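[1] my questions are about this predicted structure, shown below with the sequence.
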Amino acid sequence: MRSAGRAIPVVPTAEVREALYEGRPVVALESNVITHGLAHPANVEAAHKVEAAVRKGGAVPATICVDGGAIRVGMSDAEIERFASEPGIPKVSSRDLPIVLARGGRGATTVASSLVAAELVGIPFFASAGLGGVHRGAPTTMDVSSDLIQLTRSKVAVVCAGAKMILDLKLTMEYLETHCVPVISTGSDDFPAFYCASSGVRSPHRVDDDDLLARIVATHWAAGQPGGVVITTPPRPEDAVDPAEAEQAIAEALASAERDGVRGQGLTKYLMRAVDRATGGRTAKANLAVLVSTAETGGRLAAAYARHRAAAA
Ligand code: PSU
Ligand code: MN
């Protein structure tokens, strides 16, 4: 599919195209978590469980990647297996998209580039366990994830379990606040920290009613705002990691990243792997559970939004 006036090849699967055409709910998903977030074969299992969770929530999953110089919206089982097992598939954020597409290449999409793709095909909801954010030390390194900047540009609601404590969550919240991105939490008063129910930062708004959340998203766009909305859902209590344990592992991971001179684009993956090792796989297990529970909430909220749109039409 080439959208009018744009030379961007975007190829949704038949299932995604039909769902969008019929106004049924679809949830966009990133593929960077498959290639860089988790190790093989846990990543294949995670990708399938996440898609199943979106369906359980009541929506069609659309995992996004770049392959053969086209944005693929919806990945086949074979494509997921290939992305999960082949080494060297690059992480593609929104800034990298034009290079990879024009070269006919492939890559795994981050939150940022998945939002670009979702908006191009008209998917208003996206789910990911963790958002990229303002990195610790950002006041000197200026390392702020493009996920945040893209959120100010793409009209896509992002459902997530907050962001990981490897980031500076207070500064991440400040960034979203300054850039007019509504942040709303469901099921908790606090902005969650991915593995932990609370980041220690109170969320600006709490809404536990799906239909109200759907109306809030619709109202944001009806008011002419160009960007997205962040909706957080905390990890289930049985999946959460003790904050002190997570913080200890993160402190060690940050120190070893400093020693190894890791910074920039490879930092997120390095820190996540180091934290998983330091907790004996406890955080990796929590990661999978949080991916699944977030995806289910994303499916449920996308369904509420589709109902709202149908009622308003
Ligand atoms: N945060 C997580 N898990 C992840 C990522 C972030 O808790 O897997 C990945 C996502 O793909 C996100 C990307 O979009 O890292 C952000 O990377 P960076 O900070 O380099 O923008
Ligand atoms: Mn960065």
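    It's in. Ligands and ions are numbered 1, 2, ... in the order given.
[2] for this structure, what spans make up the helices?
    Along the chain, the segments classed as helices by DSSP state H run 14-21, 32, 42-57, 77-85, 97-102, 111-121, 138-141, 146-151, 169-178, 210-222, 243-260, 267-278, 282-312.
[3] is the shortest one positioned near ligand 1?
    Right, the one you point to is helix 32. Yes: Helix 32 is in contact with ligand 1 by C-beta under 6 Å from any ligand atom, via N32. Yep, even glycine has a C-beta here, placed from its N, CA and C like the rest.
[4] list of residues touching that helix?
    Outside of helix 32, the residues within contact range by C-beta atoms under 8 Å, 6 or more residues apart in numbering are K91, V92, A108, T109, T110, V111.
[5] one step back: the helices of the chain: which one's closest to D189?
    Using C-beta to C-beta as the criterion, the shortest distance between D189 and these is 13.7 Å, found for helix 169-178.
[6] for that closest one, the distance to its chain's centre please.
    The chain centroid and the centroid of helix 169-178 are separated by 17 Å, computed with C-alpha atoms, centre = their mean, to the nearest Å.
[7] ok, now stretch 20-35?
    Stretch 20-35 sits 11 Å away from the centroid of its parent chain (C-alpha atoms, centre = their mean).
[8] can you point out the buried residues in that stretch?
    Counting neighbours by 16 or more other C-beta atoms under 10 Å, one finds that the buried residues in stretch 20-35 are 20, 24-35.
[9] again, but for stretch 270-277
    Of the residues in stretch 270-277, those scored as buried under the neighbour-count criterion (16+ other C-beta under 10 Å) are Y270, L271, M272, R273, A274, V275, D276.
[10] stretch 255-274 too?
    By neighbour count on 16+ other C-beta under 10 Å, the buried set for stretch 255-274 is A257, V262, L267, T268, Y270, L271, M272, R273, A274.
[11] and stretch 52-69, by the same measure?
    By neighbour count, and taking 16+ other C-beta under 10 Å as the criterion, the buried residues in stretch 52-69 are 53-54, 57-67.
[12] with stretch 205-212 instead?
    Across stretch 205-212, burial judged by 16+ other C-beta under 10 Å covers V207, D210.
[13] hmm, who's touching it?
    Counting contacts by C-beta under 8 Å, 6+ apart, the residues outside stretch 205-212 that touch it are 182-189, 213, 216, 300-301, 304, 307-308.
[14] since that was my last question, I'll sign off now.
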